[in-house]
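Enquirer: Kindly return the folded structure for what I paste below:
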Amino acid sequence: MTSPDTGGVAKTMQVLAATRTDLAFEAVLAGLREPDDTAMLHAVRALLEWGREEGLLEVIRAYAAMPAAVQQEVSRREGRLRKVLRQALQARDPNTRQNVLDIVAGADQTEDLPYLIPAMLDAHPTVARKAAQVFESRVASFAARRRRVLEAIPGGAKANAGVLTEASLDIQREEKGVLAAAQAAVEAGHVHRQAAVLLAALDLEEGGYRVVWGAMKSAHACTRFLSATLSEADDRRVGAFLFYAMFESHERFPEALRALVAGNRGPATAAGFAEALARRPLAAVVEACKRWQEIPWWPMVERLALTAPADFLALNLGVARGALDGAAQASHLRALLATSHLEVVNAVLASLDELNTPAAAEAIAGAFDSQSEAVQTLATSRVAASKIANRHELLARQLNSPFREVRRAAAQGLTAGKKEKYLAAFEQLDERTREAAGKAIARIDESFVEQLTDDLSAVDETRRLKALKVIAAIGKEKDIERQVLELMRDPSKLVRSYAVNMLAAFGGVEAMKALIAALNDPDRRVKSNAIEAFEALGNPKVIDLLLPFLRHDDNRVRTTAAKALWTLGRRDVGPMLVAMLDDPDEKLRLSTVWALSEIEMDGREALLRRARDQDQSEKVRAKAAEVLAAK
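Expert: Residues are numbered from 1 along each chain as shown. Sure thing, here's the model as predicted:
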């Protein structure tokens, strides 16, 4: 409860304190026990001003029962209590000792740090733990202030070491005391065994690192405690210290730290190590790595590949290239493949490819297990272009990938060179080889048919025609129905004549319309092929469409129509074929021999023998002989 007469109470306490008598002292002490908050506040102020040790100790003893506002006043003026802090920390009552630590915790003064060290040895575990926690928080608060002051120096503290501000001078003076307290606390670690003290020292960065490093390398009694704490604490500060100890020191590297770096560190420690690593120039890190070749530091940061920024991974890549060798290099590079930064993945794969070792090949294959299609595609493309001994085996695995682009990259790698050779030799291959070789390539390389489909739009007539022939050879006509329908308007009669051959295989309405239109094509070859396509369909309903072509001017069209009509059941075309064989036109007779070779007509062999033996044309006689010999 707060009294409304604040001015009167304050005046009374000031008068009592000024008298400096025992009776007045007792009256002021009584104010500590007043239920009135204001009376208690002014009693505390009077006792702090008086400075009598017994009164100061009473303030400490009563601290826990004070209202928050009064406690804040005590902590704010904690300097007035400093002369009795050590005495209070030795009090029999653990509550009094606890009160001292609570007061110091609220004061945020580094001058109290030396008082906290013996408190860490307190027999009461709560008091000892509290002392360590307060020590850590005070040091952390100072470290934060120090960083703010140094960051405020134009261009940074390191760049302008000679630029001193009033604040930076104050920080420097204060830092000496903080480091001295940190050193004393660290070297007493084997007694108090408070891990917070070590972490507090590491908060001071390089100054604190030197304190801990000095204790570690001097085989001090606290070394075992420090090693155990560093091993158990998953903390960014530990990671930063390990980096300092390993990369900044040119002195003996203690076995304890060697084992610690080689161990499987937690994520926070690894992150602290990585942050420190990323702040150093590549050349300096590579040089340090070479100096400590026997210390496997890289596993500590490998897990960060999933979350680390690209510049950090690029630094690790540089280290792997410049400072590691053999299996260690391949192992570290493989770990970096876990990243989603594709530029890093590509650079790592290039480095592994340059290694060209079994370990490197295994590392590249490890990227095939990535959940990222982009990473798998990059890895597959890299293997396809590499000189790795088992590249074909690795690429074959990727043909079953769920990712289309990965399968494409694998297929292209497996068929590289083979596809080009097949296309170059296509015209010289027999029909059976064309089909078998082409189907094998298409089975491996999904992009083969796509490439051929793209060629159907090429400006070069030869490319369009070859693409049609290859697609037909491997039986993929139905994959390009839309393109074939478009090619029926191609300016090249050769392309149109070949495209019309595929229309019968489609069988749809659009294909039938295109076939009917092809009967009116100006080119005789297109007409003839369209007639043969109708013949292949085997539907007698088309007979009426074909009958007019029996009277066509072109011998090829006439004989093709006669052959088609015979196949579709019109036997009355037989006499017409006989008459054609006696026609004065040599080309018509030659075409008729061809037509007779394609159908089973009564008297056909007699007609062919007569043509062989009696025709005036050597060409006709030779063709008839060839047909008879084939039978």
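
Enquirer: How many residues are close by A630?
Expert: Per other C-beta atoms under 10 Å, the neighbour tally for A630 reads 7. Quick note: C-beta positions are derived from backbone N, CA and C, even for glycine.

Enquirer: repeat for N539
Expert: 11.

Enquirer: show me what contacts it?
Expert: Shown in contact with N539 (C-beta atoms under 8 Å, 6 or more residues apart in numbering): L568.

Enquirer: Which pLDDT value goes with it?
Expert: In this model, N539 is scored at 86, pLDDT.

Enquirer: quick one: it from N356, how far?
Expert: 63 Å (C-beta to C-beta, to the nearest Å).

Enquirer: can you check P114 too?
Expert: Relative to N356, and taking C-beta to C-beta, P114 is found at 61 Å.

Enquirer: Looking at these two now, which is surrounded by more residues?
Expert: P114 (15 against 12).

Enquirer: The more buried one reaches A184, doesn't it?
Expert: Yes - when contacts are counted by C-beta atoms under 8 Å, P114 is listed as touching A184 (7.2 Å).

Enquirer: does R82 sit in a helix or strand, and which one?
Expert: Using DSSP states H and E, R82 maps to helix 82-88.

Enquirer: any idea which helix or strand carries the residue lying closest to L342 once chain neighbours are set aside?
Expert: Take L342 and drop its neighbours on the chain: the residue closest to it by C-beta to C-beta, 6 or more residues apart in numbering is A374, 5.6 Å away. Assigned by DSSP H and E, A374 belongs to helix 373-384.

Enquirer: buried stuff in that helix?
Expert: Neighbour counts using 16 or more other C-beta atoms under 10 Å place V375, Q376, T377, L378, A379, T380, S381, R382, V383, A384 of helix 373-384 among the buried residues.

Enquirer: Report all helices and strands that whichever helix or strand comes after it contacts.
Expert: Next helix or strand after helix 373-384 toward the C-terminus (DSSP H and E): helix 391-398. The helices and strands touching helix 391-398, judged by 3 or more C-beta pairs under 8 Å, 6 or more residues apart in numbering; DSSP states H and E, are helix 358-366, helix 373-384, helix 404-415.

Enquirer: now the angle from the second one to helix 358-366?
Expert: Just to be clear, that refers to helix 373-384. 140 degrees (axes from the mean of the first three to the mean of the last three C-alpha atoms, to 10 degrees).

Enquirer: Report all helices and strands that helix 373-384 contacts.
Expert: So helix 373-384, by 3+ C-beta pairs under 8 Å, 6+ apart, packs with helix 342-355, helix 358-366, helix 391-398, helix 404-415.

Enquirer: Identify all contacting residues around the third one.
Expert: For helix 391-398, the surrounding residues in contact (C-beta under 8 Å, 6+ apart) are 361, 364-365, 368, 376, 380, 383-384, 388, 406-407, 409-410, 413-414.

Enquirer: Mind telling me what element the residue lying closest to A518 once chain neighbours are set aside is part of?
Expert: In this structure, A518 finds its nearest non-sequential neighbour in A530, 3.7 Å apart by C-beta to C-beta, 6+ apart. Take DSSP H and E as the rule and A530 turns out to sit in helix 524-537.

Enquirer: now that helix: how far from the chain's centre is it?
Expert: Averaging C-alpha positions (C-alpha atoms, centre = their mean, to the nearest Å) puts helix 524-537 57 Å from its chain's average.
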